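[1] Structure for the following, please:
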Amino acid sequence: MTAAMTYRAIIGLSMVLVLASCASTPPTAVMDYDRNFDFTQVRNIAIQPIDRMAASSVVISDMQVDRINQALTDELGRRGYQVVQDNAQADMLLSWHLITQERMDVRSYNTSTRYNCWSCSSGSNVRVSQFTQGTFIVDLIDPQSVRSVWRSTWQSRLRDQPDPEQAEENRRAAASAIFAQFPPN
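    Take a look at the predicted model:
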């Protein structure tokens, strides 16, 4: 296995947590929508298959896609929507994708006994942490015009979560955040 494949596998495992948020703050999403679209008629939504040819989807396994789709389906169901398999029965099409970016956080701390002492020597520490930033985007598409009429975007640091129950809870919380403002007022 090459280093790139190993890296993708590690990121792929982290994608299970794509819908995980920091424990200290509730997940929040940014939403935008077409103000001319009538969302009151939407009852049935069909989740579209992800594009397996896109580079961003290569790092996600089919099992992870299924788990994310299930979290979205469950949240839509809690909100009174029916997820259907046939696009012809759908009032709205749902498409999602994930963008990942490797980031670095650099912080320096003055550890001198005299804080901010300009004449002190070797009194500071530097902490560097590398992480993967994930941006999860959900689009709701009008099947008649085949145009996105609603979008929610959620960002989080992706982290490994070996506990399946905690990972499931994180996906549920993030799906709830994604749809927190749907339908728009």
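[2] Surely residue 75 is in a helix?
    Yes: with DSSP: H, G, I helix; E, B strand; the rest coil as the criterion, residue 75 is part of a helix.
[3] Tally up the residues packed near it, please.
    22 (other Cβ atoms under 10 Å). Quick note: C-beta positions are derived from backbone N, CA and C, even for glycine.
[4] Quickly note the distance from it to residue 182.
    9 Å (Cβ to Cβ, to the nearest Å).
[5] Equivalent analysis for residue 33, please.
    Here residue 33 is placed at a distance of 8 Å from residue 182 (Cβ to Cβ).
[6] Over to residue 128?
    With Cβ to Cβ as the criterion, residue 128 and residue 182 are 39 Å apart.
[7] ok, those two, which is more surrounded?
    Just comparing residue 128 and residue 182: by other Cβ under 10 Å the higher neighbour count belongs to residue 182, 20 against 9.
[8] The protein: helices as residue ranges?
    3-15, 55-58, 62-78, 164-178 (DSSP state H).
[9] And those, which one averages the lowest pLDDT?
    Mean pLDDT is lowest for helix 3-15 among the helices of the chain, at a mean of 46.
[10] what's the overlap in contacts for residue 33 and residue 182?
    Jointly contacting residue 33 and residue 182 under the rule Cβ atoms under 8 Å, 6 or more residues apart in numbering are 39, 150.
[11] Give me the below-cutoff pLDDT ranges for this structure.
    1-27, 54-59, 103, 109-124, 131, 158-162 (pLDDT under 70).
[12] Okay, strands next: where are they in it?
    30-33, 44-47, 82-83, 92-110, 124-142, 147-158 (DSSP state E).
[13] right, so of the ones you listed, which gets closest to residue 63?
    strand 92-110 (14.7 Å; Cβ to Cβ).
[14] who are the neighbours of that closest one, in terms of helices and strands?
    Using 3 or more Cβ pairs under 8 Å, 6 or more residues apart in numbering; DSSP states H and E, the elements in contact with strand 92-110 are helix 3-15, strand 44-47, helix 55-58, helix 62-78, strand 124-142, strand 147-158.
[15] what angle do it and strand 147-158 make?
    With axes from the mean of the first three to the mean of the last three Cα atoms, to 10 degrees as the basis, strand 92-110 and strand 147-158 are set at 30 degrees to each other.
[16] In strand 92-110, which residues are buried?
    92, 93, 94, 95, 96, 98, 100 (16 or more other Cβ atoms under 10 Å).
[17] One more: stretch 138-152?
    For stretch 138-152, by 16+ other Cβ under 10 Å, it's 138, 139, 140, 141, 142, 148, 149, 150, 151, 152.
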